[in-house]
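J.: Structural data only, the sequence is not supplied:
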């Protein structure tokens, strides 16, 4: 599964309108039912680090992340 790469491709096809685009609920498969997630919601990073807001991991080359697809 390359869901991250798919999102990266989609975002880069329209950088003017999609840099902070997000949608969907804040829980996997909406279970338990939850409201829509936002960029200000917290993301548990597990063994990768401390939790952070979603907006801090939206870009692979900035913020907490540093990688690219070739």
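T.: Received, thanks. Keep in mind that what you see is a predicted model, and the values were worked out from it rather than measured.
J.: Can you check the pLDDT for the spatially most central residue of the chain?
T.: The structure's the chain has its C-alpha centroid closest to residue 58; by CA atoms, centre = their mean the separation is 4.8 Å. Residue 58 is assigned 82 on the pLDDT scale.
J.: List the contacts of it.
T.: 19, 20, 22, 39 (CB atoms under 8 Å, 6 or more residues apart in numbering). Where C-beta positions appear, they are placed from N, C-alpha and C, glycine not excepted.
J.: Equivalent analysis for residue 52, please.
T.: Contacts of residue 52 by CB under 8 Å, 6+ apart are 42, 43, 45, 64.
J.: same question, residue 35
T.: 25, 26.
J.: List the contacts of the helix or strand of the chain with the lowest mean pLDDT.
T.: One helix or strand of the chain scores below all others by mean pLDDT, DSSP states H and E: helix 3-12, with a mean of 83. Helix 3-12 is touched from outside by 18, 19, 21, 60, 69, with contacts defined as CB under 8 Å, 6+ apart.
J.: how about the strands in the protein?
T.: Secondary structure of the chain (DSSP state E): strands located at 42-43, 52-53.
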